[in-house]
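sequence? don't have it. structure:
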């Protein structure tokens, strides 16, 4: 996937996951800051989305959401011609599986990946580009690639949750905490959509991104730049570790109800209770994920 296509898809994901309504202004600088890119590729992506009818453009005012995006991400990106090929997506998850099983070396060459998974040069670049963007592998100085050591141990996911357990309840107690009404309502609308059928229809990526956005929104409301940077770094690298849990969707209705309860408490400015409850929420999730950890350990130890 090209850089322009990737940014276009990310903007679409923002519109959808944030539940931005028709008429919502999309300043290029705001999007560039959110996606951590320059304004030029954002402007190029917005121009493409304008051509496709996803956004509108007003003279001297910029771009605006044309309509709420109610379709699944897979349907939207397919319509826009932005969908990754089945080969690329399938290979991405095969590499993830092989890494978590311990059957890939810590350091590897592009030729090894290309040969092992029978990829073309274009497919190889797309797969490695996605892996690098999500933070679980990086190019070495000079030659070759290396997987992140923190992601190749069976208890890495639980370690990431222990960090969040220390950070997120504290974020809700920061003296500058302020959750904007619009953000609160967007989070609430997302949870309600999931409870009303979205859990079954969403892709694994969509479920992951929804959870990431909910928790990052709460930490961002703390106003503490160190908290915000830490949670964003953790979330960039944990997709690899958490995507398998998306198959166990029976636990998601309870997660949604817990998220809604946290929002209700924050709306009533009962931050002490919300902080205590988000700690229980994370502990509950860790308990569920401990079972996945056991599976990963067994897979790595199997011949």
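Looks like it came in fine. Every value quoted in this text rests on a predicted model; they were computed, and no experiment measured them.

What residues does the closest residue to residue 73 other than its chain neighbours make contact with?
Once flanking residues are discounted, residue 73 sits nearest to residue 206: 5.3 Å by Cβ to Cβ, 6 or more residues apart in numbering. For the C-beta atoms, the positions are set from N, CA and C on the backbone; glycine is no exception. When the contact criterion is Cβ atoms under 8 Å, 6 or more residues apart in numbering, the partners of residue 206 are 17, 72, 73.

Which helix or which strand is home to the residue minimising distance to the centre of the chain?
For the chain, the residue whose C-alpha lies nearest the mean C-alpha position (Cα atoms, centre = their mean) is residue 209; its distance is 3.4 Å. Counting by DSSP states H and E, the secondary-structure element that holds residue 209 is helix 204-220.

Show me what counts as buried in that helix.
By neighbour count with 16 or more other Cβ atoms under 10 Å, helix 204-220 contains the buried residues 204, 206-220.

Also stretch 58-75?
Applying a neighbour-count criterion of 16+ other Cβ under 10 Å, the buried positions in stretch 58-75 are 63, 64, 65, 66, 69, 73.

between the residues you listed, which is closest to residue 27?
Distance from residue 27 was checked for each of these by Cβ to Cβ. The minimum falls on residue 63, at 8.3 Å.

Surely residue 146 is in a strand?
Yes. Using DSSP: H, G, I helix; E, B strand; the rest coil, the secondary structure at residue 146 is a strand.

Dig out what it forms beta bridges with.
Beta-bridge partners for residue 146, by DSSP bridges, are residue 107, residue 138.

ok, it to residue 108 distance?
The gap separating residue 146 from residue 108 is 8 Å, by Cβ to Cβ, to the nearest Å.

now do residue 265
Residue 265 sits 46 Å away from residue 108, taking Cβ to Cβ as the criterion.

After the one helix or strand residue 31 maps to, which helix or strand is next? Please name it.
Using DSSP H and E, residue 31 falls within helix 28-35. Where DSSP H and E defines the elements, the next helix or strand beyond helix 28-35 is helix 39-51.

now for that next one, which elements pack on it?
Using 3 or more Cβ pairs under 8 Å, 6 or more residues apart in numbering; DSSP states H and E as the contact criterion, the secondary-structure elements in contact with helix 39-51 are helix 3-17, helix 28-35, strand 55-58, strand 62-65.

Check which residues of the longest one are buried.
Right, the one you point to is helix 3-17. By neighbour count on 16+ other Cβ under 10 Å, the buried set for helix 3-17 is 4-17.

before we move on, the earlier item: which of the helices and strands packed on helix 39-51 has the lowest average pLDDT?
Mean pLDDT across the helices and strands packed on helix 39-51 is lowest at helix 3-17; the value there is a mean of 78.

If I take it and helix 28-35, what angle do their directions form?
Using axes from the mean of the first three to the mean of the last three Cα atoms, to 10 degrees, one finds that helix 3-17 and helix 28-35 are set 90 degrees apart in direction.
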